[in-house]
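[1] what's the 3D shape of this:
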Amino acid sequence: MLALSVACTAAVLAWLYLVAGHGGYWRTSQRLPRIGGEPDAWPDVVAVVPARNEAEMLPVTLPALLGQEYPGMLTVIVVDDGSSDGTGEVAARIAAGSGRTFQVISGAPPPDGERWAGKVWAMAQGLRAAGPGPDGYVLFTDADIAWEARTLRRLVAAAEGDDRDLVSQMALLRTATGWERVVVPAFVYFFAQLYPFRRVNVPGSRTAAAAGGCMLIRHGALEKAGGLAPISGALIDDVAMGRMIKRQRGRCWLGLSRQVVSVRPYPRLASLWQMVARSAYTQLRYSPVLLAGTLAGLLFLYALPPAGAVTGLAVLLAGGAGATATAALTLGAGLAGWALMSLSYLPMLRLYRLSPLRAPGLPLIALLYAAMTADSARRHYAGRGAEWRGRTNLR
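    Numbers count the residues shown, from 1 in each chain. You can find the predicted model right below:
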C-alpha cells in the first residue's frame, strides 16, 4: 500500500506538470489566426489530392474543394494511385462542370532504386505536375476531407498575414458511431499531447508537426527543401513535413478546426484499430525500448490513478488495521490524478460536442490505445507494418 501511495503521488505530480507546463496541449484554443485585412494580391494555389480507391469519397468531398470561394487561381490535381474502382474517372466527371483548372494524374511506380512511402510518392507526383511557382502555395489534402466554402481563403490569408511557410489544420474527424465517439476524440487528444500545438506554433521551437488532411505549404519553402525527396520514406508524412519545414527555419502553424472535416466512416472498432495500429509503432521509430516506455507511461499516467483510488477506497472500507492513513493518502492521490486527467479531456469532448460524463472513462480508452500500440509492434514484426489505402511499407 505504501508503494502504491508513493506511485500515485508521483502520477499526480506528473499530471500537474502536464496540465500546467506541457504547452497547454489539452486546450483547444489554437484556431486559425484572424489576421487583419487580406492580401492585396491572392497567390496561386495548387491543391494536390492523393487518391487510392476513393470513388465513394470523392462525390462527397471533391465538389467542396472545387467550389472554394477563393479569389486567386486554384488548380486541383487528383493523383489516382493505382485505383481499381474508377477513382480517376469519378474525379474527372465531378470536375467537368466546375470551371476550375483540374487534372487527374495516373500514378506511376517510383524510379528504380528509389524508395518512397506510398502516399508521399503520390504527393510528389502531384507536386511535380504543379510545376514551378515560388510565389504560390501547395495545398496537400486527403480525399475524405470536406471543406467549408471560405476555408482556403482564410488559410491563405493567415499564411500571408503571419508569414507562415506551413499552415495546417487538424480535421474534425467523424463521431457518428459509438466506437467513433470513444476512440476519435482521444486520438486527437493523444496527438496533441505528443505535439503540443502551441509549441509547434512558436517560431524556432523544436516541436514540429502537421495534420495530413490540410497542409498549406509555401511553394518556395518546398523548393528550398528539395521537394518531398527528404521525406520520401516517411510513413507519417504530416509530422515529417512539419519537421522538414522547421529544419530550414520555416515558420509553422498547427491548430484545430470545425471547417475542415473528415467524412470517412470508421463504423467498427476494427477499422478504428487499424487507423491507430497502422502507424503507432512507426511513430516510436520501431524501437522496442520506446515501445516499452510508451506502454509503461500510459499505465503510469492513466491506469495507476484510478487503480490507486479504487484500492485505497477498498482498504478503507475493509478497515484494515494500521492501513488507514496510507490508504487515505492513496485514495486522495488516485482521485486527484484521475480528476486532473478527466479535466484535461473536457475541452476535446467539448470540441466534438460530446458529453463531459465521458471524461472519467479516459483511463479505459488509454488502455485500449496501449493495446493498439502493442499490436502495431506485433504487425511490424509479422511483416504487416504501416500502410496507406492497402499498400504496405515502402515501394
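[2] Report the secondary structure state of residue 234.
    coil (DSSP: H, G, I helix; E, B strand; the rest coil).
[3] Contacts only, for it.
    Residues in contact with residue 234, defined by Cβ atoms under 8 Å, 6 or more residues apart in numbering, are 117, 120, 240, 241. Backbone N, C-alpha and C define where each C-beta goes, glycine included.
[4] Chain neighbours aside, what residue packs nearest to the first one?
    Distance criterion Cβ to Cβ, 6 or more residues apart in numbering; nearest residue to residue 117, sequence neighbours excluded, is residue 235 at 5.1 Å.
[5] Just the strands from the protein, written as ranges.
    45-51, 74-80, 101-106, 137-141, 145-147, 166-172, 214-218, 252-262, 387-388, 391-392 (DSSP state E).
[6] List just the one of those strands that sits closest to residue 270.
    Comparing these by their distance to residue 270 (Cβ to Cβ), the top pick is strand 387-388, with 14.8 Å.
[7] Quick one: mean pLDDT for stretch 166-186?
    Here stretch 166-186 scores 97 as its mean pLDDT.
[8] End to end on it, go ahead and measure it.
    25 Å (Cα to Cα, to the nearest Å).
[9] From here on, call the first residue 627.
    Sure, I'll start counting at 627 from here, so that last one is stretch 792-812.
[10] buried sites along that stretch?
    Within stretch 792-812, the residues scored as buried using 16 or more other Cβ atoms under 10 Å are 792-801, 803, 805-812.
[11] and if you look at stretch 745-757?
    Of the residues in stretch 745-757, 745, 746, 747, 748, 749, 750, 751, 752, 753, 756 count as buried by neighbour count, 16+ other Cβ under 10 Å.
[12] Reformat those residues as JSON lines; add distance to residue 650 and pLDDT.
    JSON lines is the format used below for the buried residues of stretch 745-757 (distance: Cβ to Cβ, whole Å; pLDDT from 0 to 100):
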{"residue": "745", "distance to residue 650": "30", "pLDDT": "93"}
{"residue": "746", "distance to residue 650": "31", "pLDDT": "95"}
{"residue": "747", "distance to residue 650": "36", "pLDDT": "94"}
{"residue": "748", "distance to residue 650": "35", "pLDDT": "95"}
{"residue": "749", "distance to residue 650": "31", "pLDDT": "96"}
{"residue": "750", "distance to residue 650": "35", "pLDDT": "96"}
{"residue": "751", "distance to residue 650": "38", "pLDDT": "96"}
{"residue": "752", "distance to residue 650": "35", "pLDDT": "96"}
{"residue": "753", "distance to residue 650": "34", "pLDDT": "95"}
{"residue": "756", "distance to residue 650": "36", "pLDDT": "90"}
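[13] related to what we said a few turns ago, just put the contacts of residue 860 in a markdown table and tack on distance to residue 674.
    Shown next, in a markdown table, are the contacts of residue 860 (distance: Cβ to Cβ, whole Å):
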| residue | distance to residue 674 |
| --- | --- |
| 743 | 15 |
| 746 | 11 |
| 866 | 16 |
| 867 | 12 |
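[14] report the longest helix in this structure, please.
    helix 950-977 (DSSP state H).
[15] could you give the angle of it to strand 878-888?
    Using axes from the mean of the first three to the mean of the last three Cα atoms, to 10 degrees, the inter-axis angle of helix 950-977 relative to strand 878-888 is 70 degrees.
[16] Now do helix 950-977: distance to the chain's middle.
    In terms of Cα atoms, centre = their mean, to the nearest Å, the centre of helix 950-977 is set 26 Å apart from its chain centre.
[17] Which neighbouring elements make contact with it?
    Where contact means 3 or more Cβ pairs under 8 Å, 6 or more residues apart in numbering; DSSP states H and E, helix 950-977 is packed against helix 628-647, helix 804-820, helix 930-944, helix 988-1007.
[18] hmm, back to that, can you tell which of the strands of the chain is closest to residue 902?
    strand 1013-1014 (12.9 Å).
[19] Where do the domain boundaries of this protein fall?
    The record's domain parsing of the chain by automatic domain parsing lists 628-649+911-1018, 671-894.
[20] Just give the nearest non-adjacent residue to residue 941, would you?
    residue 953 is the one closest to residue 941 (Cβ to Cβ, 6+ apart), at 3.8 Å.
[21] Quick check: the closest residue to residue 724 other than its chain neighbours vs residue 701, distance?
    Leaving aside its sequence neighbours, residue 724 sits nearest to residue 692 (Cβ to Cβ, 6+ apart; 4.1 Å). Distance, residue 692 to residue 701, using Cβ to Cβ, to the nearest Å: 10 Å.
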